[in-house]
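In: Give me coordinates for this.
(chains A and B)
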Amino acid sequence: MAEKNRDFVKGLWEENPVFVMLLGMCPVLAVTSTATNGLFMGLATSFVLFGAGIVNSLLQNIIPDEVRIPSFIVVIATFVTIVDLVSRAYFPGIAEQLALFIPLIIVNCLILNRSEAFASNVNVLRAIIDALGRGLGFTWALTFLGGIREILGFGTLFRGTESVIQVLGEWYQPMLIAILPAGAFITLGIVVALFNVIMDESFSIKDLFGGTAAVEKEQTA
Amino acid sequence: MQELFLLFMAASITNNFVLMQFLGICPFLGVSKEVPTAFSMGLATTFVMVTSAVVTWLVETVILVPLGIEYLQYIAFILVISSFVQLTELFVKKVSPPLYKALGIFLPLITTNCAILGLALLISMEGYGFIQSAVFGLGAGVGFTIAIVLMAGIRERLEFADVPKPLKGAPITLLVAGIMALAFTGLAM
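Out: Sure, this is the predicted structure:
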């Protein structure tokens, strides 16, 4: 039981696919201009992760080793096709905004990484728990990034849905850069740096002001 | 002719695949430590982009659409791309062993570069013709090469910079990419 809890928590925090492992960067950067898009993309990816995890775990003794990567990709592509058709039928607005990035879930390295490194080596139950943990980790990361960029860029949260929240008042002058491509790179860079600070127990505030040079100066002084 | 030139410029500069459309971020962050490797990676990707743009266009127009099985598009495209990368690998190995050696592991890794699948899907969405697809593929490849070589050049210099500890590695690379994206946004305006 403890082992299964570990599998689940790992994906959420200490091995977070986005902030720690930096997997699946294309959708992370491309669709996080609003929290809504981030959340939807996270859920879509989680579904594929979940489905592909189960199937690839069940097929581990049937798929020959030499052709495992192409086989995994075909399984993943099947689930992505399902997600694509469902989202186009039921959520046409969001599907149109995400456009290219729903089919591109096929080549999201996170999913192939989990199928190759985990799901195809363990029993189905562990594969499911791992997929849920990683999926949830990916979803919160995308929603979080989307939220930051949306608040800075529009002053709202969850735009395009009925429950849109006005976070910042009329006085706020939106920062256009946050929703431009440049804003995606810069926001992610800063959040990953913050994550490094949180995860690194030996961190001291001095590290912020110049890396090694500051320490050397201190030593010579 | 002018239309093709505009298509080429749009794909390579103003709508740069990496910096403006976030396609092919993995190799852009992963294989951009040194200029020579980045350049070979760019060339190999360009080659695969042009060939797979043409081949997926053919698969779509000759097989998928006449048979009415467009819903198999993703599966068909990814199979075409991965087998085509394999074919390219064998071809390069036979024709030019030194080039094959220089590219090494990067050649098979091109399969999971989302810029390739993204290119094929974009061509299908926009409904480009045969020549347009090839030009668009070439533009995308050149754009990818420009971005990754520029990035490698900056990162070679960054090796000697005094970067604060939490920013070392991925965060500083992302911040640099952000500034580059800002410059490319300027070009598009």
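
In: and B:Phe39, how many neighbours does it have?
Out: 15 (other C-beta atoms under 10 Å in any protein chain shown). C-beta here means a position set from N, CA and C on the backbone, and glycine is covered the same way.

In: so who does it touch?
Out: Counting by C-beta atoms under 8 Å, 6 or more residues apart in numbering or on different chains, B:Phe39 makes contact with B:145, B:149, B:152.

In: what's the closest non-adjacent residue to the last one?
Out: If you skip the residues right next to it in sequence, B:Ala152 has B:Ala38 as its closest partner in space, 3.7 Å away by C-beta to C-beta, 6 or more residues apart in numbering or on different chains.

In: Does A:Arg134 touch A:Trp13 like I think?
Out: No: here A:Arg134 lies out of contact with A:Trp13, judged by C-beta atoms under 8 Å, at a distance of 11.3 Å.

In: The residue nearest in space to the middle of chain A: helix or strand, and which one exactly?
Out: In chain A, the centroid-proximal residue (C-alpha atoms, centre = their mean) is A:Phe138; its distance is 3.2 Å. A:Phe138 belongs to helix A:124-153 when assigned by DSSP states H and E.

In: Give me the mean pLDDT for that helix.
Out: Averaged across helix A:124-153, the pLDDT comes to 94.

In: one step back: A:Arg134 and A:Trp13: which is more packed in?
Out: The residue with more neighbours, out of A:Arg134 and A:Trp13, is A:Arg134; 30 against 15, by other C-beta under 10 Å.

In: The residue nearest to that one when sequence neighbours are not counted sits in which helix or strand?
Out: Among residues not flanking A:Arg134 along the chain, A:Gly11 sits closest, at 3.7 Å (C-beta to C-beta, 6+ apart). If you go by DSSP H and E, A:Gly11 is part of helix A:2-12.

In: so that helix versus helix A:124-153, what angle?
Out: Going by axes from the mean of the first three to the mean of the last three C-alpha atoms, to 10 degrees, helix A:2-12 is angled at 30 degrees with respect to helix A:124-153.

In: So what touches helix A:2-12?
Out: A:17, A:125-126, A:129-130, A:132-138, A:140.

In: Return the set of buried residues in it.
Out: A:7-8, A:10-12 (16 or more other C-beta atoms under 10 Å in any protein chain shown).

In: So, low pLDDT: which residues of chain A?
Out: Low-confidence segments of chain A, defined by pLDDT under 70, span residues A:1, A:205-221.

In: now residue 107, nearest residue through space, not along the chain?
Out: Chain wasn't specified; assuming chain A. Spatial nearest neighbour of A:Val107, chain neighbours left out: B:Cys114 (4.4 Å); criterion: C-beta to C-beta, 6+ apart.

In: think we crossed wires, I meant chain B
Out: Nearest non-adjacent residue to B:Leu107, counting by C-beta to C-beta, 6+ apart: B:Glu89, 4.9 Å away.

In: quick one: buried residues of the helix or strand where that neighbour lies?
Out: Taking DSSP H and E as the criterion, B:Glu89 maps to helix B:73-95. Judged by neighbour count using 16+ other C-beta under 10 Å, the buried positions of helix B:73-95 are B:73-82, B:84-85, B:88-89, B:92.

In: Mind giving me the packing neighbours of that helix?
Out: In terms of contacts (3 or more C-beta pairs under 8 Å, 6 or more residues apart in numbering or on different chains; DSSP states H and E), helix B:73-95 is packed against helix A:68-90, helix B:35-58, helix B:97-103, helix B:106-109, helix B:114-126.

In: No further questions, thank you.
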